[in-house]
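Student: Sequence and predicted structure are below.
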Amino acid sequence: MRPLTYTRPKAMLQVAGKPLIWHVLSNLRKARIREAVVVVKYRKEQVIEYLNRESLRMSIEFAVQGERHGTAAAIEAAKEKAGEDFLVVAADNISDAEIYRDVIEKYDGRKAVALKKTDEPHRYGIGEVREGVLVGMEEKPERPKSNLANISVYAFNRGIFEEIKKLAPSPRGEYEITDALKGAHVVETEDFWMDVGYPWHLFRLNECLLDRMEANAGTVENSTVKGKLIMEEGAKVVDSYVEGCAYIGAGSVVGPHTLLKGHNSIGRNCEVGGSSTLKNSILFDNVKAKHLSYIGDSVVGEGVNFGSGTQIANYRFDAGNVNVLTDRGWVNSGRKKLGAIIGDNVKFGVLSCTMPGKLIGNDCWVGSSAVVNRNMRGGQKLFVKQEQAMVG
């Protein structure tokens, strides 16, 4: 999920106007769960500060994971705060409340795991099941024994902590809870669940969540809306055209003369106006695109400023899928249209642009008239050297 996770834990990535962890806890509350222990580690202060500030109508405590890595190590960190029986969920996977209810209802007092059929078994941990019991779990297998994906929803009793003590680290040096799942009762679900492994997976999740949300239009002045608006307190749409579904965070202003097209999520205190276009994109908080910008199929971190005329290209000339160079090498995004993934506090100069599928790290500068045709590491600055010849 880099460069977005250089400055925040994955659970704090925004989608449909809220961090992933907000959606997870909200669905747990819908499942009538009123007490939660949130295990924190990387940039833990952000999670703690956010959840202490938000009103989720739940009792939330925090447990700090130690030096050991992995899901089992995270669960072990909550040992002193866990009850006799408890549910474990991942803070970066979105599951319907019905899944949580089903696992609780079918939990037999020992351990249970939720699995869901997938068309992409190579992307997930895949369970092997016999007579409703898990007999094995393979991580991203080349030759999967089933198409049942582990969706990181478990029910345990306190006996799981003794099993965790006996675990050896995996080849990647992590203590994996999947190594302790053998013998778990399997709850197969058909309800909504989605995992985000790469930044562009946020688009599909954003679309699904926005489609499920109720319209809540606020201050809309002299504008055309052909679709749905979900607006928080103080948000405004002025002299603009909205086609599709848009979430607009508290204090944000859209307009004048702005086009919102497709499914867009705009964070708090953003300004998108001055004949700018936003299409199928996710903007985190405090983003400014006030003059003649085009932002298509992009994820934009907090505090980014787009200079006048900034263009985010999102389509290849050959109409092929957009490939992205990640830390793990080239990845086919599977998308015909993909703009840029932009970290926090990036500044774009006037008339600058990016090519499709580029990653721009936090705190970068893209100078006037510059073209980003390769990834930029955090803190880099790109400028164009121009020679002028005056004739006559």
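Tutor: Ah, there it is. These figures come from a predicted structure and were not determined experimentally. Residues are numbered from 1 along each chain as shown.
Student: tell me which element N206 is part of?
Tutor: Under DSSP states H and E, the secondary-structure element containing N206 is helix 201-212.
Student: what is the rounded mean pLDDT of that helix?
Tutor: Averaging pLDDT along helix 201-212 gives 94.
Student: For that helix, buried residues please.
Tutor: By neighbour count with 16 or more other CB atoms under 10 Å, helix 201-212 contains the buried residues H201, L202, F203, L205, N206, E207, L209, L210. For the C-beta atoms, the positions are set from N, CA and C on the backbone; glycine is no exception.
Student: Tell me the one of the residues you listed nearest N332?
Tutor: Comparing those against N332 with CB to CB places H201 closest, at 13.2 Å.
Student: check contacts around D179.
Tutor: A72, M137, L167, A168, S170 (CB atoms under 8 Å, 6 or more residues apart in numbering).
Student: where does it land in three-state SS?
Tutor: helix (DSSP: H, G, I helix; E, B strand; the rest coil).
Student: about what we covered before: quick one: which of the buried residues of helix 201-212 is nearest T310?
Tutor: Proximity to T310 was ranked across the buried residues of helix 201-212 by CB to CB; first place goes to F203, at 20.0 Å.
Student: Excluding chain neighbours, give the residue nearest to that closest one in space.
Tutor: Counting by CB to CB, 6 or more residues apart in numbering, F203 lies nearest to N280, which is 6.2 Å off, once chain neighbours are set aside.
Student: quick one, what contacts the one you found?
Tutor: N280 sits next to F203, E207, K261, G262, H263, N264, G296, D297, K337 when contact means CB under 8 Å, 6+ apart.
Student: Just name the closest of those residues to D327, please.
Tutor: Checking the contacts of N280 against D327 with CB to CB, the nearest one is F203 at 20.5 Å.
Student: so how far is L283 from that closest one?
Tutor: 13 Å (CB to CB, to the nearest Å).
Student: same deal with I75?
Tutor: Shown here: I75 relative to L283, a distance of 34 Å by CB to CB.
Student: quick one: which of those two has more around it?
Tutor: Each of I75 and L283 has its neighbours counted (other CB atoms under 10 Å); L283 has more, 30 against 24.
Student: mind checking the longest strand of the protein?
Tutor: strand 148-157 (DSSP state E).
Student: can you pull out the helices in the stretch 1-150 of the chain?
Tutor: Under the criterion DSSP state H, counting those that start in this stretch, the stretch 1-150 of the chain contains helices at 20-30, 44-53, 71-77, 97-106.
Student: Give me the mean pLDDT for the shortest one.
Tutor: Mean pLDDT, computed over helix 71-77, is 91.
Student: Distance check, the closest residue to H263 other than its chain neighbours against V15.
Tutor: Spatial nearest neighbour of H263, excluding adjacent residues (CB to CB, 6+ apart): E207 at 4.4 Å. Noted for E207: a distance of 10 Å to V15, by CB to CB.
Student: Could you do D363 as well?
Tutor: D363 is 23 Å from V15, by CB to CB.
Student: who's more crowded, these two?
Tutor: V15 (26 against 19).
Student: wait, what's in contact with the more buried one?
Tutor: Residues near V15 by CB under 8 Å, 6+ apart: H23, V196, L202, L205, N206, L209, S265, I282.
Student: try it again with 6 Å
Tutor: By CB atoms under 6 Å, 6 or more residues apart in numbering, the contact set of V15 is L202, L205, N206.
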